[in-house]
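[1] Using only what follows, build the 3D model:
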Amino acid sequence: QVQLVESGGGLVQAGGSLRLSCAASGRTFSSHGMGWFRQAPGKEREFVTAINYSGGTYYGDSVKGRFTISRDNAKNTVYLQMNRLKPEDTAIYYCAASASMVRLRIGTCEYWGQGIQVTVSS
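    Numbering: from 1, shown residues only. Next up is the predicted model:
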């Protein structure tokens, strides 16, 4: 059974940092693109960032320069380092994986995590 399990969320003050992790199990994702999406209350799901199998990265405009995605294929894990957090970053963050970077970036992914809450207080 394939699983993506997020960890590292929580409550942080504005300007602070958090690091999310997404550990994959059930198969190897070294050839897959992996990424993060988020959904705030009352809003649509939003693309945050993605990384392809060779380390190429993509970021949504709202997080460029503040968030960094990375991956460790040996650990089958992807990370999201979030710096200079803002209250508007408050959302449930979802890890996702896809064999297609096109599908990953538009959110039609084959694999999804359950999501983890990130709350940024002002």
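
[2] lowest-confidence helix or strand of this structure?
    When each helix and strand of the chain is scored by mean pLDDT, DSSP states H and E, helix 101-106 comes last, with a mean of 91.

[3] for it, the distance to its chain's centre please.
    In terms of C-alpha atoms, centre = their mean, to the nearest Å, the centre of helix 101-106 is set 13 Å apart from its chain centre.

[4] State the next helix or strand along the chain beyond it.
    With elements assigned by DSSP states H and E, the helix or strand that comes after helix 101-106 is strand 111-112.

[5] what residues are up against the most centrally placed residue in the chain?
    What sits nearest the mean C-alpha location of the chain, by C-alpha atoms, centre = their mean, is residue 36, with 2.3 Å. Residue 36 makes contacts with 20, 22, 48, 49, 50, 69, 78, 80, 93, 94, 95, 96, as judged by C-beta atoms under 8 Å, 6 or more residues apart in numbering. Heads up, the C-betas are built off the backbone N, CA and C, glycines and all.
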